[in-house]
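Participant: What shape does this take:
(one chain, ligands or ions: 3)
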Amino acid sequence: MIVSTVTTIGIQCAKCGEVQFRTVSVFDFSHFNEESYCCSCGAPIITLRSVERGNYSIEYPCIYCGESHYIVAKRGSIWGDDLFPLTCRGKELPLGYIGPRHKVENSCRDIKKTFVQLASELVNDEETESEFDNFFIVYAVMEKLGKMVERGQLGCRCGNYNLSVEILSDRIEIVCELCHASGVIYTDNKEVLRILDGVGSIFLEENMKWCLNDSYKSHHLVKNK
Ligand SMILES: [Zn+2]
Ligand SMILES: [Zn+2]
Ligand SMILES: [Zn+2]
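Facilitator: Ligands and ions are numbered 1, 2, ... in the order given. This is a model prediction of the structure:
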């Protein structure tokens with residue numbers, strides 16, 4: 001078994017969904033027995049702790065279930081030549097890998113793909129309710145808002161196209177900082193994704209608090225459905 005002094009961690013951030021890479025040296029653990037790494041968005045992505053017999057305990061927040069996962073890895077699986085997988089629920093959902101840089105980078109290519117695929121399956125799935133729902137809804141809404149921005153379909157009547165977006169536990173708030181118009185998109189129900197597709201564009205109005213779910217209800221009534 002080849003044991004090197006550096007290893008690479010590639011892991012998907014539980015907050016923003018981006019895959020991040022960090023190079024870790026065995027010497028990082030010579031003074032402190034713990035190293036934590038954060039995403040470029042500021043959220044913590046992984047903590048490694050050296051424990052007894054050269055083993056490591058690893059903790060990472062999970063984008064799928066919203067919990068933190070704890071595992072213990074042997075020294076050789078961190079610094080060795082094989083990939084050590086970081087997953088949710090056994091091996092089903094990959095979040096990242098630890099190992100030699102080129103192998104980690106190769107294997108991480110599919111992580112975002114798997115995630116986006118699961119998100120779109122959920123969006124198209126009429127029946128089943130998944131425990132991962134809320135995160136996927138937030139993610140899918142952000143994707144849709146991003147596309148609206150690209151097409152110039154998200155803005156404020158005052159002429160401002162640079163709106164600020166805040167993600168809260170049950171909703172996403174859109175605010176125009178020039179005229180204080182605001183909008184709310186509730187993310188506690190995946191129906192919101194279909195509503196958003198139906199609306200097509202969002203323009204806030206000064207002194208108004210626009211709510212996507214309300215605008216849909218009135219639309220819904222008019223259609224007498
Ligand atoms: Zn992040
Ligand atoms: Zn998980
Ligand atoms: Zn405005």
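
Participant: What ranges does the chain have for its strands?
Facilitator: Using DSSP state E, the strands of the chain run over residues 6-12, 19-25, 34-38, 44-50, 56-61, 68-73, 84-88, 93-99, 154-156, 164-167, 171-175, 182-186, 202-204, 209-211.

Participant: To residue 195, which of these lies closest?
Facilitator: Smallest distance to residue 195 across the strands of the chain (C-beta to C-beta): 8.7 Å, for strand 182-186. Placement of C-beta: from N, CA and C, glycine included.

Participant: What strands line up against that closest one, and which way round?
Facilitator: Using DSSP bridges, the strands paired with strand 182-186 are strand 171-175 (antiparallel), strand 209-211 (parallel).

Participant: touching ligand 3 at all, that strand?
Facilitator: No - Strand 182-186 does not reach ligand 3 (C-beta under 5 Å from the ion); its nearest approach is 9.3 Å.

Participant: Please identify the residues of the protein in proximity to ligand 3?
Facilitator: So far as C-beta under 5 Å from the ion goes, the chain lies against ligand 3 at 156, 158, 160, 176, 178, 179, 181.

Participant: ok, of the residues you listed, which one's closest to ligand 1?
Facilitator: residue 176 (25.5 Å; C-beta to the ion).

Participant: so what's the closest one closest to, chain neighbours aside?
Facilitator: Spatial nearest neighbour of residue 176, excluding adjacent residues (C-beta to C-beta, 6 or more residues apart in numbering): residue 156 at 3.8 Å.

Participant: Touching, that neighbour and residue 164? I think so.
Facilitator: No - between residue 156 and residue 164 there is no contact under C-beta atoms under 8 Å: 10.9 Å.

Participant: These two: which is more packed in?
Facilitator: Per other C-beta atoms under 10 Å, whichever of residue 156 and residue 164 has more neighbours is residue 156, with 25 against 10.
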